[in-house]
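> Let's see this in three dimensions:
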Amino acid sequence: RLQSDQSLSKFAMTSNETLEPESTMQESIIKIKYFQQLIEYQDCYKNFYYDGELRADEAFVQNFFKAVWAESKSSVDSEVKNGRGIVDFKISYGRDDCTLIEFKLGSSTSLKRNIEHQTEIYKRVNQTDNALTVIVIFTDKDSLRVSRALKATEKENDENIYIIDARRDNKPSASIATCH
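Okay, here's the model as predicted:
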């Protein structure tokens, strides 16, 4: 197997997930957690910056996310338009197993409205109960905006919302870090 697949295996095993997911929902969660691991702990957040400046937009983040789906048996389709808008990802395995993944940047001024309504509409359109939202933050201001939006929508503890911290100023080297 490829080295990246081995890394995924190790991550999946340490997070008590099976290597062969039972559903696209389970597989999507494994992939999101792995993507989060790469960005937050393995310096992949650096790909979002150039010469110290943020260069990533939502499309860049989504294209980067596609890479973690290598070797998947599921169909991974991006920018799917089945009506009432375009969902970022539709992961499917046959007709009856489908999970939607919607990415948002923490800087989005429509974040609260999107958290409240967007995935629910996409779920109805795509005839599935499975949807995950991934919010990527790049600044402390983004973090505050996300916290406020989640609180306002009463989704602070929603297990289907993942926040990925891509800030570059809060990841000191282990040799100088004062906390984990």
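> Which secondary structure state is assigned to the spatially most central residue of the chain?
With distances taken as Cα atoms, centre = their mean, Val134 lies nearest the centre of the chain, 3.7 Å away. For Val134, the secondary-structure state derived from DSSP: H, G, I helix; E, B strand; the rest coil is strand.
> okay but it is in contact with Ile101, surely?
Yes: taking contacts as Cβ atoms under 8 Å, Val134 lies within contact range of Ile101: 6.4 Å. Any C-beta I mention is one placed from the backbone N, CA and C, and that applies to glycine too.
> so what sits against both of these two?
Common neighbours of Val134 and Ile101 are listed as Ile32 (criterion: Cβ atoms under 8 Å, 6 or more residues apart in numbering).
> Only alpha carbons, please: show stretch 120-134 as CSV.
The C-alpha trace of stretch 120-134 is given here as CSV (Å, rounded to 0.1, in the frame of the first residue of the first chain):
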residue,chain,number,x,y,z
GLU,A,120,-30.8,20.9,5.4
ILE,A,121,-31.9,22.1,1.9
TYR,A,122,-29.1,20.0,0.2
LYS,A,123,-30.2,16.9,2.2
ARG,A,124,-33.8,17.3,1.0
VAL,A,125,-32.7,17.8,-2.6
ASN,A,126,-30.3,14.9,-2.6
GLN,A,127,-32.7,12.6,-0.7
THR,A,128,-30.3,11.8,2.2
ASP,A,129,-30.2,12.2,5.9
ASN,A,130,-26.4,12.4,6.0
ALA,A,131,-24.6,15.7,5.8
LEU,A,132,-21.4,17.1,7.3
THR,A,133,-20.2,20.7,7.5
VAL,A,134,-16.5,21.5,7.6
